[in-house]
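Trainee: next come a sequence and a model predicted from it.
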Amino acid sequence: VLSSVPVSVAIHLRKKDTMATRDSAPTGAPCWVDLMTSDTEKARSFYSQLLGWTAEEPAEEFGGYFMFTKDGQPMAGGMSSAGSSMEGLNAWSIYLATDDAHKTAEAAAGAGGQVIVPPMDVSELGTMAMVTDPAGAAIGMWQAGTFNGFTTLAEDNTPAWFELHTRGYNAALSFYRDVFGWETETASDTPEFRYTTLQG
């Protein structure tokens, strides 16, 4: 979803009476979220209390990356920003599903974006990359190997809706259509409120 306010990415979690599950995400759809945090212990405690998630033990082979689960199902990831080039950062990242991270990263660069984390294999789990769109908003991508990302959504306290607030409204629309194959539907296009939904 795109609207004409300053660049930021917001993750909304909502409650809904029905549950949706999937084996894997369609190409271009959000498939994973993770948190870079300056205080992992506070983050682990906060989201566990707020959303009823379980903070699993950090994986030392992945630099202390850990997973939040709900009823045994993966919800999100988390990692400390301490000691890295992103020291002090506290931010969520969204990953979109791709069947070829290398080609998608090349497409992003060709569509006015920049590759900030080139495609890299994460063991046998999959391949990740991070790019920016033409307005500078960062978006991740995930090519699944043995790990498909979250498979439960639109249930209580699970991922349900993703929004992009951007100054580069028109450029962003073109970028996500061209790079991730999204179709767009304009809900409002006035100077006061420009809002478009994007569907895979």
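Mentor: That came through, no problem.
Trainee: any low-confidence regions in this structure?
Mentor: For the chain, the stretches with pLDDT under 70 are 1-19, 200.
Trainee: so which residues of it form helices?
Mentor: 40-51, 101-110, 169-180 (DSSP state H).
Trainee: Y95 touches A29, doesn't it?
Mentor: No - because the distance of 10.0 Å does not satisfy CB atoms under 8 Å, Y95 is recorded as not touching A29. (C-beta placed from N, C-alpha, C; glycine too.)
Trainee: these two - which one has more neighbours?
Mentor: Y95 (23 against 18; other CB atoms under 10 Å).
Trainee: what about the closest residue in space to T37 that isn't next to it in sequence, distance to V115?
Mentor: Nearest non-adjacent residue to T37, counting by CB to CB, 6 or more residues apart in numbering: A43, 4.3 Å away. According to CB to CB, to the nearest Å, A43 stands 28 Å off from V115.
Trainee: so which of those two has more stuff around it?
Mentor: More crowded of A43 and V115, by other CB under 10 Å: A43, with 20 against 15.
Trainee: picking that back up, and the residue nearest to T37, what does it touch?
Mentor: 35, 37, 78 (CB atoms under 8 Å, 6 or more residues apart in numbering).
Trainee: quickly list what the second one is bridged to.
Mentor: This means T37. S80 (DSSP bridges).
Trainee: give me the distance between the residue nearest to the spatial centre of the chain and I139.
Mentor: Closest residue to the average C-alpha location of the chain: I94 at 0.9 Å, with CA atoms, centre = their mean. Separation of I94 from I139 (CB to CB): 6 Å.
Trainee: just A172 next, same as before
Mentor: Distance from A172 to I139, by CB to CB: 10 Å.
Trainee: give me the common contacts of the two.
Mentor: What both A172 and I139 touch, as defined by CB under 8 Å, 6+ apart, is the set D133.
Trainee: got a markdown table for the contacts of A43, with distance to Q199 and neighbour count too?
Mentor: A markdown table is the format used below for these (distance: CB to CB, whole Å; neighbours: other CB atoms under 10 Å):
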| residue | distance to Q199 | neighbour count |
| --- | --- | --- |
| L35 | 26 | 22 |
| T37 | 31 | 22 |
| G78 | 29 | 23 |
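Trainee: for these, give me TSV that also has distance to P58.
Mentor: Below are the contacts of A43 laid out as TSV (distance: CB to CB, whole Å):
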residue	distance to P58
L35	13
T37	12
G78	9
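Trainee: who are the contact partners of E57?
Mentor: Contacts for E57 were tallied using CB under 8 Å, 6+ apart; they are F66.
Trainee: numbering from 20 from now on, please.
Mentor: In the new numbering, first residue 20, that becomes E76.
Trainee: quick check, G159 in contact with T117.
Mentor: No - judged on CB under 8 Å, G159 makes no contact with T117 at a distance of 9.9 Å.
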